[in-house]
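1. heads up, no residue letters with this:
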């Protein structure tokens, strides 16, 4: 192997490595996102009977046994490939699809965790969702490293008789 | 201590107000978690280290708020709000605030006489 071949291989490694990482991140990231969305859909169907609403009223017919504040949060981040795409999107403007789906799954996951925090309650009222951009990870030029989604609300538990009444 | 983010405690009546109570924490992430999160950042998804960190910090902020309310003689906090902000590179401030009140059973939807729930209104 002469000098020029070694140099060529060196140059290829230096320039191809980021591309390799991006492509790998694209496939793994897509797989993980699809898996996450599948799990979100399954759990949403399972907790369909348990509403979480942004209004602050509950069933006036039912008497309340207990209530408490519940909070849940999730920090999600984009994969490397989508972050590159989003940066390109910055040049031309328009909808940034990758962030839309990121925030969508973050919010749905946070609401699901909220419900899991209070499995004994019947309804979560005054649901609020707050999103904040926590300090970026590693690369300082990037605007977002991780997005924190915080969901909080008041879980209300009706009297025992509520279950038997709604069953009849 | 009963806490809610609506204007009352369901099933309870507010009898005294003690004003605003708040709690805050500023937390920095530690290097180990930062490196792990950096690797996770390549493939995307949830950064569990950060989620735990923020949950812990939020619990501590709530504890501080509760202590403040207890020192005022309150037994409940209503209308609780949260806010998070990144103050500097790598540190986040968590702030929680609400109104300290004293409640007693009665008013609104009262503690029920099981098994028949009273019809209200």
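-> Looks like it came in fine. In this text, all values refer to a predicted model and were calculated from it rather than measured experimentally. Residues are numbered from 1 along each chain as shown, chains lettered A, B, ... in the order given.

2. quick one, what contacts residue A:85?
-> Neighbouring residues of residue A:85 by CB atoms under 8 Å, 6 or more residues apart in numbering or on different chains: residue A:98. Just so you know, the C-beta spots here come from the backbone N, C-alpha and C atoms, and that holds for glycine as well.

3. same thing but at 10 Å, please
-> Remark: with contacts taken as CB atoms under 10 Å, 6 or more residues apart in numbering or on different chains, residue A:85 is in contact with A:22, A:26, A:78, A:79, A:96, A:97, A:98, A:99.

4. now the residues you listed: which count as buried?
-> With neighbours counted by 16 or more other CB atoms under 10 Å in any protein chain shown, the contacts of residue A:85 contain buried members at A:22, A:26, A:78, A:79, A:96, A:98, A:99.

5. Run a quick check on the second one versus residue A:32, I expect a contact.
-> No - taking CB atoms under 10 Å as the definition, residue A:26 is not a contact partner of residue A:32, at 11.1 Å.

6. Between those two, which contacts overlap?
-> Common contacts of residue A:26 and residue A:32 (CB under 10 Å, 6+ apart): A:79, B:43, B:44.

7. my guess is the first one contacts residue B:39, does it?
-> No - between residue A:79 and residue B:39 no contact is recorded; they are 11.8 Å apart, counting by CB under 10 Å.

8. before we move on, the earlier item: mind putting the contacts of residue A:85 into JSON lines with pLDDT and distance to chain B?
-> As requested, these are arranged in JSON lines below (pLDDT from 0 to 100; distance: CB to the nearest CB, whole Å):
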{"residue": "A:22", "pLDDT": "87", "distance to chain B": "9"}
{"residue": "A:26", "pLDDT": "89", "distance to chain B": "9"}
{"residue": "A:78", "pLDDT": "86", "distance to chain B": "5"}
{"residue": "A:79", "pLDDT": "86", "distance to chain B": "3"}
{"residue": "A:96", "pLDDT": "83", "distance to chain B": "14"}
{"residue": "A:97", "pLDDT": "84", "distance to chain B": "14"}
{"residue": "A:98", "pLDDT": "83", "distance to chain B": "9"}
{"residue": "A:99", "pLDDT": "85", "distance to chain B": "11"}
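
9. Take the residues you listed and lay them out in a markdown table including secondary structure and distance to residue B:82.
-> Shown next, in a markdown table, are those (DSSP: H, G, I helix; E, B strand; the rest coil; distance: CB to CB, whole Å):
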| residue | secondary structure | distance to residue B:82 |
| --- | --- | --- |
| A:22 | helix | 36 |
| A:26 | helix | 35 |
| A:78 | coil | 24 |
| A:79 | coil | 28 |
| A:96 | coil | 26 |
| A:97 | helix | 29 |
| A:98 | helix | 27 |
| A:99 | helix | 22 |
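
10. Quick check: nearest residue in space to residue 22, chain neighbours excluded?
-> Chain wasn't specified; assuming chain A. Spatial nearest neighbour of residue A:22, chain neighbours left out: residue A:81 (4.9 Å); criterion: CB to CB, 6 or more residues apart in numbering or on different chains.

11. should've been chain B
-> Of all residues apart from its sequence neighbours, residue B:97 sits closest to residue B:22 (CB to CB, 6+ apart), at 3.8 Å.
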